[in-house]
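coordinates only, sequence not included:
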């Protein structure tokens, strides 16, 4: 008996979203407050890696790319993450400062999408966060020529050994490593609902004021 192709199995996957709802009356007028509430609920629910977010960037040839990064701070100024400035994402953000972020908290049936422009954090902010990292991670920032082709994993191990011996317990922040801050001008909060009639509230910045709009699912 021949089994069905995997593609057919995937096509038949179904889930009914019935956990919660998102209404205008129950949501915050300020998207940052709404994000703070939802992130807090994701933490309280012990969602796996609630701080993980997809970062989308666009290269000079208009080719998009995505990867997972970790949020390391947020306030009225924007969303902060850290990386190698010479990596693919770092180079693409240097050439095109527009980017998008997405959180997907599966157990809560929620998605948050954020769009805006990106700038580097100050050297002082990057220094402070770098020094808060475990020693192995600080050495790793020196050891990995992120996004570049390397001969094998042995290259990374050798680099880590070399920089570990050079810096011992006090590695300085590499000049090619630091923070980015995405300054939102659009937010979208998505709550799964039954029959695919999902709730979508978009916040759009216009003349310094956040406009809240409902989008069709």
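That came in fine, so what should we check first? No experiment lies behind these values; they were computed from the predicted model shown. Numbering: from 1, shown residues only.

Helices along this structure, start to end?
Using DSSP state H, the helices assigned to the chain run over residues 6-11, 31-44, 88-95, 123-132, 135-143, 153-167.

For the residue positioned nearest the centre of the chain, list the residues it contacts.
The residue at the geometric middle of the chain, judged as the C-alpha nearest the mean C-alpha position with C-alpha atoms, centre = their mean, is residue 53 (2.9 Å). By C-beta atoms under 8 Å, 6 or more residues apart in numbering, the contact set of residue 53 is 68, 69, 70, 71, 79, 81, 101, 102, 103. To be clear about C-beta, it is placed using only N, CA and C from the backbone, and glycine gets the same treatment.

what about 7 Å?
Contacts here follow C-beta atoms under 7 Å, 6 or more residues apart in numbering; on that basis residue 53 touches 69, 71, 101, 102, 103.

Direction included, what does the strand ranked longest in the chain pair up with?
If you go by DSSP state E, the chain has its longest strand at strand 177-191. Sheet pairing for strand 177-191, assigned by DSSP bridges, gives strand 78-84 (antiparallel), strand 110-120 (antiparallel), strand 199-206 (antiparallel).

rewinding a little: let's have the helices of the chain in CSV, adding mean pLDDT, distance to residue 194 and mean neighbour count.
Written out in CSV, the entries for those read as follows (pLDDT from 0 to 100; distance: least, C-beta to C-beta, whole Å; neighbours: other C-beta atoms under 10 Å):
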stretch, mean pLDDT, distance to residue 194, mean neighbour count
helix 6-11, 83, 21, 9
helix 31-44, 98, 20, 16
helix 88-95, 98, 37, 18
helix 123-132, 98, 42, 14
helix 135-143, 97, 43, 18
helix 153-167, 97, 47, 13
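
Low-confidence stretches in the protein?
For the chain, the stretches with pLDDT under 70 are 1-4.

Could you pull up the residues touching the closest residue to residue 117 other than its chain neighbours?
Take residue 117 and drop its neighbours on the chain: the residue closest to it by C-beta to C-beta, 6 or more residues apart in numbering is residue 97, 4.8 Å away. Contact criterion C-beta under 7 Å, 6+ apart gives 117, 118, 119 as the residues in contact with residue 97.

separation between residue 97 and residue 108?
Relative to residue 108, residue 97 is positioned 31 Å away (criterion: C-beta to C-beta, to the nearest Å).

Is the residue nearest to the centre of the chain bridged to anything, and to what?
In this entry, residue 53 is beta-bridged to residue 69, by DSSP bridges.

next one: residue 79
Beta bridges link residue 79 to residue 74, residue 182, judged by DSSP bridges.

what's the neighbour count on it?
When neighbours are defined as other C-beta atoms under 10 Å, residue 79 has 25 of them.

coming back round to it: nearest to residue 15, of the strands paired with strand 177-191?
Using C-beta to C-beta as the criterion, the shortest distance between residue 15 and these is 13.6 Å, found for strand 110-120.

Neighbour-wise, which one of the contacts of residue 53 leads?
Among the contacts of residue 53, residue 103 has the most neighbours (other C-beta under 10 Å), with 24 neighbours.

doesn't residue 79 make contact with that one?
No: Residue 103 sits out of contact with residue 79 when judged by C-beta atoms under 7 Å, with a separation of 10.0 Å.

before we move on, the earlier item: ok, which of the helices of the chain comes nearest residue 63?
Evaluated over the helices of the chain, closeness to residue 63 peaks at helix 88-95, with 9.1 Å, by C-beta to C-beta.
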